[in-house]
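In: Curious how this folds, go ahead:
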Amino acid sequence: MQVAVLLLLVAALCSATLALDNGEMRVPPMGWLAWERFRCDLDCEHDPKNCIRQNLFIDMADRLAEDGWRELGYVYVNIDDCWSSMKRDEKGRLQADPKRFPRGIKELARYMHARGLKLGLYGDMGTHTCGGYPGTTLDNIDLDAQTFADWEVDMFKFDGCYSNATEQEQGYPLMSKALNATGRPIGYSCSWPAYQGGLPPKVNYTELGQICNLWRNYGDIQDSWDSVLNIINWFFENQDVLAPAAGPGKWNDPDMLIVGDFGLSMDQSRAQMALWAIMAAPLFMSNDLRTISSGARTILQNKMAIIINQDPMGVQGRRLVKEKIGIDVFWRPLSKNASALVFFSRRTDMPYRYQTSLSKLNYTAGSYEIYDVFTGKSMALKDSAPFVVSVNPTGVVMWHVSAPAKWNPRHFYKGGRRQGPAFDGGEENAVPPVFL
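Out: Got it, this is the predicted structure:
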């Protein structure tokens with residue numbers, strides 16, 4: 001017999017599958033990241049008399065701590081490019097730009113920690129960062145890793161501008177080793193696969209999962225629906241490669257949530273949140289939490305969407321159906337024999353009434369408890385009963401499905417193909433009562 005080609009579910013449950021041995025990010029990390037919304041801009045719009053970039057991160061930390069974000073899991077405040085001076089100090093160490101970060105990175109980290117938050121920092125393994133600031137070449141990796149630990153940084157993103165494939169092959173594993181050697185737990189985000197096209201044979205996801213906690217596979221997200229849709233398309237067209245690579249401590253990263261910015265409608269914002277949850281993606285918002293709309297806040301703070309994203313089993317979901325009429329159906333198995341379904345419309349004309357049944361979506365016989373993630377409504381539904389969901393153009397309907405039967409990955413995939421029901425046996429599971 002041949003070994004199964006598709007290892008999505010087996011890999012998630014198999015103890016032989018290794019992740020980076022730092023104990024970090026056993027569920028997808030959540031927080032706020034500056035890049036898409038603010039790039040390298042100084043924080044002058046809200047504080048023109050005291051135009052210091054450090055204030056932006058203090059403001060975002062205050063909002064996370066005071067506006068209910070931290071309690072939901074949004075705990076990282078991540079600095080991206082353009083934070084450093086153009087020159088290293090007399091000892092060869094990176095240093096923060098004193099005009100933009102007058103208190104330094106360590107004091108900023110302590111500000112975060114005092115509020116129950118964590119600080120992330122950006123670097124680049126080339127001669128320069130993508131923005132033209134000093135990079136971390138191979139000979140500086142140990143020094144820079146220790147500097148970040150001394151500054152009490154909690155997460156480090158390692159970009160790859162101004163480096164070549166050979167340097168990346170050496171540098172990304174060396175930085176992983178160097179960060180671990182500091183003795184400080186530091187989550188490690190690698191951009192390595194994005195610079196190698198994101199797919200085998202250039203990208204070895206088995207090796208990557210032992211080096212990095214998360215990794216960028218694809219290009220930078222932009223503030224537009226076209227950008228979000230391109231990312232969705234690429235990730236699910238390559239799901240057979242990408243999904244088996246993910247699991248506790250090692251995550252595919254489709255890039256930031258842009259909900260609350262300028263480019264997405266409310267329906268499109270719900271679609272991004274839902275599909276990032278299905279993908280077990282890191283949830284890093286890049287928006288202005290000081291001025292975010294109530295609608296965007298409601299989407300990003302949706303407790304059930306977050307529970308689905310943070311499921312401890314850590315299995316990345318899949319697209320089950322891609323209809324010619326423009327409707328896609330996505331599925332993700334969850335702990336306690338539950339699952340999530342997303343009905344997504346690629347249409348741009350009008351709401352579409354999509355009819356199917358749970359049995360057509362590979363559920364076994366039984367009655368299931370359905371919770372609609374964005375409306376808060378619940379209902380019971382038999383597997384054989386036809387149902388209709390009305391999906392808005394470029395929008396979603398997202399369900400949490402409580403299964404009366406035990407999920408069995410060995411039945412679901414064999415030889416790279418679905419073989420039968422995703423569930424068997426008879427163990428009841430209900431929607432978490434807090435949401436009913």
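
In: Can you tell me the SS state at the residue sitting furthest away from the middle of the chain?
Out: Distance to the chain centre peaks in the chain at residue 90, reaching 37.9 Å (criterion: Cα atoms, centre = their mean). Secondary structure, DSSP: H, G, I helix; E, B strand; the rest coil: residue 90 is coil.

In: tell me the mean pLDDT over stretch 388-396?
Out: Mean pLDDT, computed over stretch 388-396, is 98.

In: Let's see that stretch as CSV, backbone CA atoms only.
Out: Extracted C-alpha coordinates of stretch 388-396, given in CSV (Å, rounded to 0.1, in the frame of the first residue of the first chain):
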residue,chain,number,x,y,z
VAL,A,388,-30.9,27.2,2.2
VAL,A,389,-28.5,29.9,3.2
SER,A,390,-28.7,33.3,1.8
VAL,A,391,-25.2,34.6,1.2
ASN,A,392,-24.6,38.3,0.4
PRO,A,393,-22.2,39.2,-2.5
THR,A,394,-18.6,38.9,-1.4
GLY,A,395,-20.0,37.8,2.0
VAL,A,396,-20.3,34.8,4.2
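
In: Show me what that stretch is in contact with.
Out: With Cβ atoms under 8 Å, 6 or more residues apart in numbering as the test, stretch 388-396 has contacts from 225, 265, 267-268, 270-271, 274-275, 327, 342-355, 374, 397. Quick note: C-beta positions are derived from backbone N, CA and C, even for glycine.

In: do stretch 339-351 as well
Out: Outside stretch 339-351, the residues touching it (Cβ under 8 Å, 6+ apart) are 229, 271, 274-275, 277-278, 308, 317, 325-334, 352, 354, 361, 373, 389-401, 403, 407, 422.

In: That stretch: end-to-end distance?
Out: End-to-end span of stretch 339-351 (Cα to Cα, to the nearest Å): 25 Å.

In: What mean pLDDT does that stretch get?
Out: pLDDT averaged over stretch 339-351 gives 98.

In: now it, how far from the centre of its chain.
Out: Relative to the centre of its chain, stretch 339-351 is centred 21 Å away, using Cα atoms, centre = their mean, to the nearest Å.

In: Mind listing what's buried along it?
Out: Buried residues in stretch 339-351, counting neighbours by 16 or more other Cβ atoms under 10 Å, are found at 339, 340, 341, 342, 343, 344, 345, 346, 347.

In: same question, stretch 147-157
Out: 147, 148, 149, 151, 152, 153, 154, 155, 156, 157.

In: Now render these as TSV, adding pLDDT and secondary structure.
Out: Output for those, formatted as TSV (pLDDT from 0 to 100; DSSP: H, G, I helix; E, B strand; the rest coil):
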residue	pLDDT	secondary structure
147	98	helix
148	98	helix
149	98	helix
151	98	coil
152	98	coil
153	98	coil
154	98	coil
155	98	strand
156	98	strand
157	98	strand
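
In: Could you export these as CSV, including distance to residue 133?
Out: CSV is the format used below for those (distance: Cβ to Cβ, whole Å):
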residue, distance to residue 133
147, 15
148, 15
149, 20
151, 16
152, 21
153, 16
154, 21
155, 18
156, 15
157, 14
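
In: which of the residues you listed lies closest to residue 33?
Out: Nearest to residue 33, judged by Cβ to Cβ, of the buried residues of stretch 147-157 is residue 157 at 8.6 Å.

In: Quick one: residues in contact with the lengthiest helix in the chain.
Out: The longest helix of the chain (DSSP state H) is helix 165-181. Residues outside helix 165-181 that contact it (Cβ under 8 Å, 6+ apart): 20-22, 125-126, 136-138, 141-142, 144-146, 148-149, 156, 158, 160, 163, 186, 188, 190, 192, 195-196, 211-212.

In: If we use 6 Å, what do you get?
Out: 22, 125, 138, 141-142, 145, 158, 160, 186, 188, 190, 192, 211 (Cβ atoms under 6 Å, 6 or more residues apart in numbering).

In: Next SSE downstream of it?
Out: Counting by DSSP states H and E, the next helix or strand C-terminal to helix 165-181 is strand 187-190.

In: Run through the stretch 301-436 of the chain and note the low-pLDDT ranges.
Out: Low-confidence segments of the stretch 301-436 of the chain (pLDDT under 70): 405-436.

In: With that, I have no additional questions.
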